[in-house]
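Chemist: the following block contains a protein sequence and its predicted model.
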Amino acid sequence: MLLTKFQFAENENTPNYWKVTDLDLEKINLIVGLNATGKTRTMNVLNIFCSQARGERAKLCNGSWEFSFKKKKEDKVFLYKYSAVIKNQEVQKEQFIIDENIVLDRQLDKGWIVDNEGQRKDYDPPSDKLTLQVRRDKKDYPYLEDLFYWAQNYYNFKLNKARSDHLIADHFAIDDKNRLESFSSIPRLLGSIISEKNIKEEIIKDMEAIGYPIKDITAKNFPFTPVPSTALSLTEKGLLCETEQMSISTGMYRALGIIIVLHYLRHNYSADKNVWCTFAADDVGEGLDFSRSSKLVKLILKRTEDYPIQVILTSNDSHLLNSISVEYWNILTRKGHVVKSINYYNSKESFDEFMMLGLNNFELLSGEMYKSRKTEDLHKEEIL
Amino acid sequence: MKIAIFVEGQTEQIFITKLLYNFFPPEKIQILSTRRNGRHEEINILDKASHAEYFVLIYVAEGDNRALSALKDYYPKMEHRGFTKFFVLRDLKSQEYKKFGDAIIDKQRSFINQINSKKNIFLHYSKMEIEAWFLAAPQLFYEIDKRLTVQNIKKTIGQDLDVVDPEIAFKSPASEVKRIFKSIDQSYSKSETDVKEIVSHIDWAELCFQFRGQKISFFYDFLDDISQIIP
């Protein structure tokens, strides 16, 4: 299932009001924007919704969430729209629409829900839980399962926290989502897939492609911690010795971590499984030099191309931006409390015009060439 | 006279350098190349003293549509420092060309016109890539390896290079050059060595004069404009 649109607002009618709107998404997405426009916050609120949908939060987070998805089932494409308004950690409103038909409508602890047979039933969910936390049933409510699986398979990587000297004890299993996303379990992740056919060779090839020539990589027990843990070790081309994880540079470790994660996701979400996952990474070029950051992004796109993996990245690195077509961009612009996304879907004319000019992509952002009368009007509407 | 030429890659830089050295007496011209330097795209040899009457600076923008952006950014500064003619040579092998076709040429020319009040900027294209111009003069392949006759090349790529216009016939001329070299177990990777090897075998008299009106019209348009600076 592919996320196609996202909107979020919080603290309405208060000085802390904040809204992000018109985020249109495709299989590949790059969220760009100048500093303090809301890139990281947008990624955070997406991640927060997923974690509460998975039931990982003791209390719900306040805010108004609106999602649109494309769901393919047996050659038919369904349009899902899901929204939830949470205030004081209670669900004020929740609605699920499939192709214009409302299948779930709820206010606080009263509502109705339509099952797979088309039967409408009243239900009384606890107001501090989302419906998908209390009505999961693959047979009766498959659309709620679709939403749950989307959240379940949403991986949000915080690259700025990835450090080679962070090790994780072996008794934390890698199937724990938080551990996977933290990067600390990269060595164990590698250990779990390295024996698969060609994966080790592919990882070495990918590292070479982005400018880190290595000839070997292993995951092995790290002897210097009080509890058993696993660490990476690699051999760079031209060096006779191994480089232990703690000595790998931060940039190289982040690049290696992303490559290992990509192979892990490719292994677990192969095209025939029909289950999609999301690879989300904030500030994806962080810690890498200019050449490697753009090579890494090109590699991410290539490695996810034929796989059911939706990619959502953020950056404002000029070299990285130049390597992704502006058709995949969401440019966040902020006016006051409202963050509006300008993209190919809502500003096709400006984007086409820019693409025809043949300038490098970064100029679209730095020269504010995405601005047109129409996009200015969109912002005015929000403010009014 | 100071002349600036903005290109997307090394292949264009090597080709243009060789082209100019063919037309200028060596004592009259100095050609320097500079590449985009990491995150800092400063052209740092602008003030380098030139002994020659003609000083040509070729700026290699390293792809990703940077050549035109670089011209836009550097034009005022370079003009201020005495550069009097500006050329941009780029290819058309892009997603944008696939999407919009020849309309992008008009669009880009009208964009340049907005800053070109002195009519000293010349925007040119190699269609689809500069390798199309290599393919226009197939004798060079024969000079490299005697097995690469036009007939043998036709067997490999399915086109008679004495007949077709490579600017029209090939969507990816570089790939065709690769196939030609692969047929004799050699490779073409666009590396400096590979490109210099090919360019060194170009018969410039043939390329510059013999095919006019028959093929590679984009090359002759470029040649006509660049000829303006030839003494």
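Modeler: Thanks, I have the structure now. Fair warning: this is a prediction, and the values are worked out from it, not measured in the lab.

Chemist: contacts, neighbours, all on C-alpha from now
Modeler: OK.

Chemist: hmm, stretch B:127-136 in reach of chain A?
Modeler: No. Using C-alpha under 8 Å from any C-alpha of the partner chain, stretch B:127-136 stays clear of chain A, coming no nearer than 14.6 Å.

Chemist: residues contacting the residue positioned nearest the centre of chain A?
Modeler: In chain A, the centroid-proximal residue (C-alpha atoms, centre = their mean) is residue A:280; its distance is 2.5 Å. By C-alpha atoms under 8 Å, 6 or more residues apart in numbering or on different chains, the contact set of residue A:280 is A:43, A:154-157, A:311-313.

Chemist: need the pLDDT of residue A:180.
Modeler: For residue A:180, the pLDDT comes out at 69.

Chemist: tell me the strands beside the helix or strand in which the residue nearest to the centre of chain A is found, with direction?
Modeler: Using DSSP states H and E, residue A:280 falls within strand A:277-282. Strands adjacent to strand A:277-282 in the sheet, as given by DSSP bridges, are strand A:154-158 (parallel), strand A:309-315 (parallel).

Chemist: return the last one as PDB; C-alpha atoms alone will do.
Modeler: Right, strand A:309-315. The C-alpha coordinates for strand A:309-315 follow below in PDB (Å, rounded to 0.1, in the frame of the first residue of the first chain):
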ATOM      1  CA  ILE A 309       9.500   0.000  -1.200                       C
ATOM      2  CA  GLN A 310       8.300   3.500  -0.900                       C
ATOM      3  CA  VAL A 311      11.100   6.000  -0.400                       C
ATOM      4  CA  ILE A 312      10.700   9.200   1.600                       C
ATOM      5  CA  LEU A 313      13.900  11.200   2.000                       C
ATOM      6  CA  THR A 314      14.500  14.800   3.200                       C
ATOM      7  CA  SER A 315      17.500  17.000   2.400                       C
END
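
Chemist: contacting residues for residue A:150?
Modeler: A:1, A:276-278.

Chemist: picking up where we left off before, beyond the strand holding residue A:280, next helix or strand please.
Modeler: Sequence order places helix A:290-304 as the next helix or strand after strand A:277-282, per DSSP H and E.

Chemist: what packs against that following helix?
Modeler: Judged by 3 or more C-alpha pairs under 8 Å, 6 or more residues apart in numbering or on different chains; DSSP states H and E, helix A:290-304 is in contact with helix A:250-268, strand A:309-315, helix A:318-321.

Chemist: report the angle between it and helix A:250-268.
Modeler: If you take axes from the mean of the first three to the mean of the last three C-alpha atoms, to 10 degrees, helix A:290-304 sits at 10 degrees to helix A:250-268.

Chemist: so residue A:239, which state does it fall into?
Modeler: coil (DSSP: H, G, I helix; E, B strand; the rest coil).

Chemist: can you pull the residues of chain A lying near chain B?
Modeler: So far as C-alpha under 8 Å from any C-alpha goes, chain A lies against chain B at A:290-291, A:319, A:322-323, A:355-361, A:363.

Chemist: CA atoms only for stretch B:59-74, dumped as CSV, please.
Modeler: Output of stretch B:59-74 as CSV, limited to C-alpha atoms (Å, rounded to 0.1, in the frame of the first residue of the first chain):
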residue,chain,number,x,y,z
TYR,B,59,34.4,24.9,-17.3
VAL,B,60,33.4,21.3,-16.8
ALA,B,61,30.2,21.3,-14.8
GLU,B,62,30.2,17.6,-14.2
GLY,B,63,26.6,16.8,-15.3
ASP,B,64,23.2,17.1,-13.6
ASN,B,65,22.3,20.2,-15.8
ARG,B,66,25.0,22.3,-14.2
ALA,B,67,26.5,23.9,-17.3
LEU,B,68,23.6,26.3,-17.9
SER,B,69,23.3,27.1,-14.2
ALA,B,70,27.0,27.8,-14.0
LEU,B,71,26.8,30.2,-17.0
LYS,B,72,23.9,32.0,-15.3
ASP,B,73,25.8,32.3,-12.1
TYR,B,74,29.2,33.2,-13.5
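
Chemist: from residue A:67, how far off is the residue of chain B most remote from its centre?
Modeler: In chain B, counting by C-alpha atoms, centre = their mean, residue B:155 sits farthest out from the average C-alpha position, at 27.8 Å. To residue A:67, residue B:155 is 56 Å away according to C-alpha to C-alpha, to the nearest Å.

Chemist: repeat that for residue A:185.
Modeler: With distances taken as C-alpha to C-alpha, residue A:185 is found 30 Å from residue A:67.

Chemist: gap between stretch A:136-150 and the chain center?
Modeler: Remark: stretch A:136-150 is offset 20 Å from the chain centroid, using C-alpha atoms, centre = their mean, to the nearest Å.

Chemist: list the buried ones in that stretch?
Modeler: Buried positions in stretch A:136-150, judged by neighbour count with 16 or more other C-alpha atoms under 10 Å in any protein chain shown: A:140-141, A:143-150.
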